[in-house]
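J.: Dropping a prediction and its sequence here:
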Amino acid sequence: MAADVAGKFLNTRVRSLKPSGIRKFFDIVATMDDVISLGIGEPDFVTPAPILEAGVQSLRGGRTGYTSNAGILELRQAVCDHLAAMYAVRYNPADEIVITVGVSEALYLAMTAVLEPGDEVIIPTPCFVAYQAEVILAGGVPVEIPSRVENNFMPDPAAIEAAITPRTKIIFIGYPNNPTGGVASREVMLALADIAERHDLLVISDEIYDQLVYGVPHVCFPALPGMRERTILLGGFSKDYAMTGWRVGYACAPAALLQGLLRIHQFTIMSAPTTAQDAALVALQVGAPHVEEMRAEYDRRRKLIVGGMNELGLPTFEPLGAFYAFPSIRASGMDDETFSELLLKEERVAVVPGSAFGAGGEGFVRCSYATAYEDIEEALVRLRRFMLRHG
């Protein structure tokens, strides 16, 4: 009966969506004891104390009502100042930025505002699982272009250009990358910028991990020559400032585009949570030392897990951003789904199959090092036992 109701009332776009491959493993982990999870994609740090206190003071001060639809003006100004200082890209806080409920809402707004039915969106993969889903929900068609470990999982400009058709409207990029930890070089980004300009395409750039890079600069796409006017920039506070549960992000774009996103936002959301916005403002004002402290610890863990995986015969390129390692598990003789399921069952270590993240992820697993150093050490001990049996 339930299936009949779903078939009768749910629209075809919703029914066509595949369940999240990440959620499947989280659900299994929740039923087990003594699991070391390298699967979850969020910081294991508590939000830094000054930011926490700003949220508490916001509540105690009675700031429990709506803000303006676009968000608190002081926060919008702070985001714009931050982007100008970090990347020399400038936005007008009055009409070129909207504060959103995390980057997830910013992604939804961008796709819904821009796509017509049948429009194509080119997406380098492996990538965060929501990208293709949001394209489909907005009536568009995701076109996956696999990146390769041989190129450190950077986008392939030639393959992207070859995939362009008369229906192509957007090139979507997400770097530093989830799940691979790859960081796109300035040379590659300039090649994508050239393609977007020559083919008159919009670019949507998800830069949520922008400050979590290790020894390389982050390239902010709208800061590239000529790209500010054809880019929607998505960013937020969840990863850099350990604020996932606060649900606060932003989208920046030229005013004519941004107003389309804002129109949807005001009818769908009204405004992002006031408490979270007040905390985000303080994050921008005083959070830099805390970001650096967390980044240094991620870097320490990064070196541990990459070295450990390589020693175990699970070749892992050096991830230069975010907090993920993406080892090949081909030496085990298993596909990534089987490897992940058996590792969880036999050794209580949770990883996510690479195939959950789209084309190009097959034969890899995502391992988050946003977990305690000691837990990573123990996970490597368990992985060694596993590989001695199966490698």
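T.: Yep, that arrived. Residues are numbered from 1 along each chain as shown.
J.: Could you export the helix or strand where Ala279 lies as PDB, CA atoms only?
T.: Following DSSP states H and E, one finds Ala279 within helix 274-286. What follows is helix 274-286, C-alpha atoms only, in PDB (Å, rounded to 0.1, in the frame of the first residue of the first chain):
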ATOM      1  CA  THR A 274      19.600  34.500  14.200                       C
ATOM      2  CA  THR A 275      21.800  32.800  16.900                       C
ATOM      3  CA  ALA A 276      23.900  31.100  14.200                       C
ATOM      4  CA  GLN A 277      24.400  34.400  12.400                       C
ATOM      5  CA  ASP A 278      25.500  36.100  15.500                       C
ATOM      6  CA  ALA A 279      28.000  33.300  16.200                       C
ATOM      7  CA  ALA A 280      29.200  33.400  12.600                       C
ATOM      8  CA  LEU A 281      30.000  37.100  12.900                       C
ATOM      9  CA  VAL A 282      32.300  36.400  15.800                       C
ATOM     10  CA  ALA A 283      33.900  33.500  14.000                       C
ATOM     11  CA  LEU A 284      35.000  35.900  11.300                       C
ATOM     12  CA  GLN A 285      36.100  38.500  13.800                       C
ATOM     13  CA  VAL A 286      38.200  36.300  16.200                       C
END
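J.: Which residues are in contact with the closest residue to Leu383 other than its chain neighbours?
T.: Leaving out its chain neighbours, the residue that sits closest to Leu383 by C-beta to C-beta, 6 or more residues apart in numbering is Leu312, at 5.7 Å. For glycine as for every other residue, the C-beta is placed from the backbone atoms N, C-alpha and C. Residues in contact with Leu312 (C-beta atoms under 8 Å, 6 or more residues apart in numbering) are 380, 383-384, 387, 391.
J.: What about these, which are in helices?
T.: Using DSSP state H, the subset of those located in helices is 380, 383-384, 387.
J.: Quick check: the farthest pair among those residues?
T.: Leu380 and Met387 (10.2 Å; C-beta to C-beta).
J.: Okay, domains of this structure per the record?
T.: As recorded under automatic domain parsing, the domains making up the chain are 2-47+289-390, 49-287.
J.: need the helices for the chain, in chain order.
T.: Counting by DSSP H, the helices of the chain are 2-9, 12-16, 21-29, 49-60, 73-87, 102-114, 130-137, 157-162, 186-198, 255-268, 274-286, 288-311, 336-347, 373-390.
J.: which stretches of the stretch 101-250 of the chain aren't confidently modelled?
T.: Under the criterion pLDDT under 70, no range of the stretch 101-250 of the chain is flagged.
J.: returning to that earlier point: the residue nearest to Leu383 and Ile264, how far apart?
T.: Look at Leu312 and Ile264: by C-beta to C-beta, to the nearest Å, they are 47 Å apart.
J.: Same question for Ala133.
T.: 17 Å.
J.: These two - which one has more neighbours?
T.: Ala133 (20 against 16; other C-beta atoms under 10 Å).
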